[in-house]
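Trainee: A predicted structure for the sequence below; I have some questions about it.
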Amino acid sequence: MTITATREAELLASVPTGLLINGQWRDSSTGKTLDVHDPATGRVLASIADGGTEDALAALDAASAAQAGWARTAPRVRAEILRKAFELVTERAEDFALLMTLEMGKPLAEARGEVAYGAEFLRWYSEETVRDYGRYLTTPEGKNKILVQRKPVGPCLLITPWNFPLAMATRKVGPAVAAGCTMVLKPAKLTPLTSQLFAAVMLEAGLPAGVLNVVAGSSASAISGPLLADPRLRKVSFTGSTEVGKRLMADAANNVLRTSMELGGNAPFIVFDDADLDKAVEGAVAAKMRNMGEACTAANRFLVQDTVAAEFSALLAARIGALTTGRGTEAGVDVGPMIEEKARTNIHALVTDAVAAGATVLTGGDVVPGDGFFYQPTVLGNVPNDAAILSQEIFGPVAPITTFTDEDDAARIANSTEYGLASYVYSRDFSTFLRMSEKLEFGMVGFNAGVISNAAAPFGGVKHSGLGREGGAEGIAEYTTTQYLGIADPYAG
Ligand code: NAD
């Protein structure tokens, strides 16, 4: 289906441009607006209210006023709102997909995949809402009863990145709504439109005023700073870079806030010599090129057993070299633009540095001239282990390949990073996978699978990749606090 200019204009005109505070779309107190650009063309898509400190505090006023009533709302009612929101997002899947492609650049097919993935957090947590169990037991010596109940943690600040504009919002809002928390959502300034449309859908689904407030703005710290300092806020859930996450953790310490931190990654993609190489290449393309490589789970280092490295490198270079780069709205495009010029410059600097250190360009290796921030899908062979490209998040369509000799060598190289989010292992032998999963210091390990994110699974990292989990039963626990009631047993002597 061709996307016409009229279709784009009509969709953009349907996106609310205000700040959502207490169920109302309002202008910013700063009187300023924030332009949102298409990274494929550089044109301005929309201008939305640019929220500041006063707006952030008004949003927290609304969230804290709504908290007690929302916590008392029956789980079934909260569940039905999430279910309705799932249905509405699914009905409007084409709108959400196109909006993400316009503001973020990913190809439409991938944006549709994100809508399905993102909507699933609403459905999964609607089902989980009514299953938040406590426990009741007798103390070991028999004198008392122990009753343990879960309560909503309270008003939350949710900060999301630009790379998955819908899924990063639903992955936080879904469990927060399920647990009975109210919230202020601050989307990334590069891609706020998807959150604006999502918030409109949450209201349409019946979410009461004040439960979800949305404040986008050009200065993230003008919004987050006063909220983290306000004793009414009880939690911050952040997805973004490790650098910003560490700063927020330091700020959160003053009010002893609950924190969930989904930070950067440096995923190893480990290929053993008994692996099905065709499947490994398919998985490698998915793990590397999904979202143009702009994913925290993106394979950042290809570690291939030395005996099959040449064969794997040639196969991967042929597959990646055949990918089509272009505007995400065009048919047949596999790889969209980078989010901004700065990102593309960083990627190219890493490639240039690796080549100077002795890496071989097997395909790509340069920027694409012309409009938009496009970078050629790239494979680098024989990358030296000390090259910067293997220690930093590339966040682009570049696959650096290096080699290992045996399992211990693979684990040693894989773990030689401060990050610990996703990792991937390809082998025909499940016992190899089990041994590797014991050795790998990563929150997630994929086995013969290049994409492992799922609403029902606990997503998250160790070391500098973060704290806490999103998705699965663990995801709702992040938004609840435990209360223990010690009860005298009336029959105990
Ligand atoms: P970023 O840290 O620059 O920004 C993330 C969010 O934090 C944005 O909303 C931004 O406005 C806000 N922010 C920036 N500075 C802030 C400050 N001083 N105070 C408060 N908020 C601030 O990251 P990004 O460039 O948007 O996203 C890319 C990064 O996110 C990568 O490192 C990637 O690995 C990581 N990421 C992690 C996950 C995960 O689940 N672990 C998922 C997606 C992205």
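Mentor: Sure thing, it's come through.
Trainee: which ones are touching the residue nearest to residue 120 when sequence neighbours are not counted?
Mentor: Leaving aside its sequence neighbours, residue 120 sits nearest to residue 455 (CB to CB, 6 or more residues apart in numbering; 4.0 Å). To be clear about C-beta, it is placed using only N, CA and C from the backbone, and glycine gets the same treatment. Contacts for residue 455 (CB atoms under 8 Å, 6 or more residues apart in numbering) come out as 117, 120, 121, 123, 124, 125, 171, 174, 471, 472.
Trainee: The same query, at a cut-off of 7 Å, please.
Mentor: Listed by CB atoms under 7 Å, 6 or more residues apart in numbering, the contact set of residue 455 reads 120, 121, 124, 471.
Trainee: thought the second one was touching residue 171?
Mentor: If I follow you right, that is residue 121. Yes: counting by CB atoms under 7 Å, residue 171 is a contact partner of residue 121 at 5.0 Å.
Trainee: how far away is the most centrally placed residue in the chain from residue 145?
Mentor: Centroid-nearest residue in the chain: residue 168, 4.4 Å away (criterion: CA atoms, centre = their mean). Shown here: residue 168 relative to residue 145, a distance of 41 Å by CB to CB, to the nearest Å.
Trainee: if we can go back for a sec, now that we have the contacts of residue 455, which of them are buried?
Mentor: 120, 121, 124, 471 (16 or more other CB atoms under 10 Å).
Trainee: Out of the residues you listed, which is nearest to the ligand?
Mentor: Distance ranking of these against the ligand, using CB to the nearest ligand atom, places residue 471 first at 9.8 Å.
Trainee: how about stretch 110-125: buried residues?
Mentor: So stretch 110-125, judged by 16+ other CB under 10 Å, has buried residues 110-115, 117-125.
Trainee: CA-only coordinates of it in CSV, if you can.
Mentor: Extracted in CSV, the C-alpha atoms of stretch 110-125 (Å, rounded to 0.1, in the frame of the first residue of the first chain):
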residue,chain,number,x,y,z
GLU,A,110,9.1,-3.4,11.6
ALA,A,111,6.8,-0.8,13.0
ARG,A,112,3.9,-3.2,12.6
GLY,A,113,5.9,-5.7,14.5
GLU,A,114,6.4,-3.2,17.3
VAL,A,115,2.7,-2.5,17.4
ALA,A,116,2.0,-6.2,17.9
TYR,A,117,4.8,-6.5,20.5
GLY,A,118,3.9,-3.2,22.3
ALA,A,119,0.1,-4.0,22.4
GLU,A,120,0.9,-7.4,23.9
PHE,A,121,2.1,-5.7,27.1
LEU,A,122,-1.5,-4.2,27.5
ARG,A,123,-3.1,-7.6,26.9
TRP,A,124,-0.6,-9.6,29.1
TYR,A,125,-0.9,-7.2,32.0
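Trainee: Please identify which residue in the chain comes closest to the ligand.
Mentor: For the chain, CB to the nearest ligand atom, closest residue to the ligand: residue 240, 2.6 Å.
Trainee: Isn't that residue up against residue 161?
Mentor: Yes: applying CB under 7 Å as the test, residue 240 and residue 161 come out as touching, 4.6 Å apart.
Trainee: Give the next helix or strand downstream of the host helix or strand of residue 225.
Mentor: Assigned by DSSP states H and E, residue 225 falls within helix 220-228. Using DSSP H and E, the helix or strand that follows helix 220-228 in sequence is strand 235-239.
Trainee: now the end-to-end length of stretch 426-443.
Mentor: 17 Å (CA to CA, to the nearest Å).
Trainee: Mind listing residues that contact that stretch?
Mentor: Residues contacting stretch 426-443 (CB under 7 Å, 6+ apart): 270-272, 274-276, 280, 283, 407, 411, 414-415, 420-423, 425, 445, 447-448, 460-463, 465.
Trainee: Chain neighbours aside, what residue packs nearest to residue 89?
Mentor: residue 119 (4.4 Å).
Trainee: which parts of the chain sit against the ligand?
Mentor: Within the chain, the positions near the ligand by CB under 6 Å from any ligand atom are 159-163, 186, 188-189, 220-221, 224, 239-241, 244, 247-248, 262-265, 296, 393, 421, 461, 466.
Trainee: Can you read off the pLDDT for residue 1?
Mentor: For residue 1, the pLDDT comes out at 65.
Trainee: oh, and call the first residue 23 from now on, that's how I've got it
Mentor: Okay, residue one is now 23; in that scheme the one you just asked about reads as residue 23.
Trainee: can you give me phi and psi for residue 59?
Mentor: Dihedral pair for residue 59: phi -110, psi 160, per degrees, to the nearest 10.
Trainee: Cross-check the contact I'm expecting between it and residue 68.
Mentor: No: counting by CB under 7 Å, residue 68 is not a contact partner of residue 59; they are 9.4 Å apart.
Trainee: so for stretch 246-254, what's the average pLDDT?
Mentor: Here the average pLDDT along stretch 246-254 is 98.
Trainee: whoops, stretch 333-345 was the one
Mentor: In the prediction, stretch 333-345 has an average pLDDT of 98.
Trainee: neighbouring contacts of that stretch?
Mentor: 293, 299, 302-303, 306-307, 311, 326, 356-357, 384-386, 399, 401, 403, 421, 423.
Trainee: Any of these buried? List them.
Mentor: By 16+ other CB under 10 Å, the contacts of stretch 333-345 give 293, 299, 302-303, 306-307, 311, 326, 356-357, 384-386, 399, 401, 403, 421, 423 as buried.
Trainee: out of those, which are inside strands?
Mentor: 293, 326, 384, 385, 401, 403, 421, 423 (DSSP state E).
Trainee: What ranges does the stretch 323-472 of the chain have for its strands?
Mentor: 382-385, 400-403, 420-426, 444-448, 466-469 (DSSP state E, counting those that start in this stretch).
Trainee: Point out the most buried one among those.
Mentor: strand 444-448 (a mean of 28; mean count of other CB atoms under 10 Å).
Trainee: same question for that one, mean pLDDT?
Mentor: On average, strand 444-448 scores 98.
Trainee: Just to check, residue 424 is in contact with residue 328?
Mentor: No: contact criterion CB under 7 Å: residue 424 and residue 328 do not qualify, at 9.9 Å.
Trainee: hang on, the earlier thing: restricted to strands, list the residues of the chain next to the ligand.
Mentor: Per DSSP E, the subset of the residues of the chain next to the ligand in strands is 181, 208, 261, 284, 488.
Trainee: Can you give me the distance of the third one to residue 192?
Mentor: What that stands for is residue 261. Taking CB to CB, one finds residue 261 at 12 Å from residue 192.
Trainee: And for the last one?
Mentor: Look at residue 488 and residue 192: by CB to CB, they are 18 Å apart.
Trainee: now swap in the fourth one and tell me
Mentor: Distance check for residue 284 against residue 192: by CB to CB, it reads 14 Å.
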